[in-house]
Each structure stands twice: as C-alpha cells, then as structure tokens.
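Enquirer: Okay, structure incoming, though there's no sequence with it:
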C-alpha cells in the first residue's frame, strides 16, 4: 500500500515523464478525484478537478488544491488551450 505508483503518489507520472521525455511542468493532470489532483501537483503538473460527483473526501491541503475546478471535460480542455 506504500507503492509510489499508487495515487496520490506521483510515481507513474514521474516514470512516464522519464520514459517518454515529457515536461511535467508543461503538462496537465485532469482527474475526477482529489487523489488525481494531488498526484499531478506532486509531479509538478498543472491540475484540473472535474467535479462530477466522484470525489467523496473533500480533504483539501496544498497538494490537493487544483488550479481549476470544472464540471466537464470540454470545459477542462478549454481551460488548457486558453
């Protein structure tokens, strides 16, 4: 249960970035729970929370604070491209 690959830890994002030469600071993590947001923030990504009812633990700390909150993927995509 302490694997760095399990969200909210950023292990898989960091591994993918290294393998695929991805600049995480220029990347976005979009997710529907705050564990997704935390993983993205810990990896250095910009983050968007899709507030579609899947988050049940609204425990906010600096790592779990998304840059944006929206209710659908289209709105998230518009935030990313603007």
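Expert: Yep, it's here. As the structure is a computational prediction, the values presented were derived from the model and not from experiment.
Enquirer: what about the chain, any weak spots by pLDDT?
Expert: 1 (pLDDT under 70).
Enquirer: Show me the strands in it, by range?
Expert: For the chain, strands defined by DSSP state E occupy the ranges 28-31, 46-50, 68-70.
Enquirer: what distance separates the last one from the centre of its chain?
Expert: Centre-to-centre, strand 68-70 and its host chain are 11 Å apart (Cα atoms, centre = their mean, to the nearest Å).
Enquirer: Could I get the strands of the chain in CSV, plus columns for distance to residue 11 and mean neighbour count?
Expert: Every residue, glycine included, has its C-beta placed from N, CA and C. Formatted as CSV, these follow (distance: least, Cβ to Cβ, whole Å; neighbours: other Cβ atoms under 10 Å):
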stretch, distance to residue 11, mean neighbour count
strand 28-31, 13, 20
strand 46-50, 17, 23
strand 68-70, 24, 16
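Enquirer: Quick one: residues contacting the residue nearest to residue 66 when sequence neighbours are not counted.
Expert: Computed as Cβ to Cβ, 6 or more residues apart in numbering, the closest residue to residue 66 that is not its neighbour in sequence is residue 49, at 4.1 Å. Contact partners of residue 49, counting by Cβ atoms under 8 Å, 6 or more residues apart in numbering, are 31, 32, 33, 34, 36, 37, 55, 66, 68, 69, 70.
Enquirer: And for residue 7?
Expert: Per Cβ under 8 Å, 6+ apart, neighbours of residue 7: 35, 36, 38, 39.
Enquirer: How many residues are close by residue 58?
Expert: Neighbourhood size, residue 58 [other Cβ atoms under 10 Å]: 7.
Enquirer: ok so, going back, and the residue nearest to residue 66, bridged to which residues?
Expert: residue 31, residue 69 (DSSP bridges).
Enquirer: And it, how far from residue 76?
Expert: As for residue 49, its distance to residue 76 is 9 Å (criterion: Cβ to Cβ, to the nearest Å).
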